[in-house]
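Student: missing the sequence, but the structure's below:
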């Protein structure tokens, strides 16, 4: 398995990388830090139930629903 040590990347790039490996059919361990806060929920989670959406909006924190991985 390949190890990817990427340091700090944008939250968008972090999700892009997490989704790219499975779509390419590759295994890997990605170590990174998102450059800014964001909320990431699972594909089947109820965002309104799991996340304080209004607070995220007030604070400018993006909410992203991912296609890979487990729960929030």
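Tutor: Arrived safely, thanks for sending. Small disclaimer: the values here were computed from a predicted structure and weren't measured.

Student: so which residues of the chain form strands?
Tutor: The residue ranges that make up the strands of the chain, judged by DSSP state E, are 2-9, 28-34, 39-41, 63-65.

Student: which of those sits most buried?
Tutor: For those, the largest average neighbour count (mean count of other C-beta atoms under 10 Å) is found in strand 39-41, namely a mean of 18. To be clear about C-beta, it is placed using only N, CA and C from the backbone, and glycine gets the same treatment.

Student: partner strands of that strand and their direction?
Tutor: strand 63-65 (parallel) (DSSP bridges).

Student: contact partners of the partner strand?
Tutor: Here strand 63-65 makes contact (C-beta atoms under 8 Å, 6 or more residues apart in numbering) with 11, 15, 38-43, 45, 47, 51, 53, 56.

Student: generate a PyMOL selection restricted to the buried subset of those.
Tutor: A single PyMOL command is used to select the members of those judged buried by 16 or more other C-beta atoms under 10 Å:
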select buried, resi 11+15+38+39+40+41+42+45+51+56
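
Student: which residues are contacting the longest helix seen in the chain?
Tutor: Ranked by residue count, the top helix of the chain under DSSP state H comes out as helix 11-24. Helix 11-24 is contacted from outside by 4, 6, 9, 27-28, 30, 32, 34-38, 40, 62, 64, 66-69, using C-beta under 8 Å, 6+ apart.

Student: how far off centre is it?
Tutor: Here helix 11-24 is found 8 Å from its chain centre; the criterion is C-alpha atoms, centre = their mean, to the nearest Å.

Student: got the domain ranges for this protein?
Tutor: Domain ranges of the chain: 1-36, 37-72, per automatic domain parsing.

Student: point out where the protein drops to low pLDDT.
Tutor: Residues of the chain that meet the criterion pLDDT under 70 lie in 69-72.
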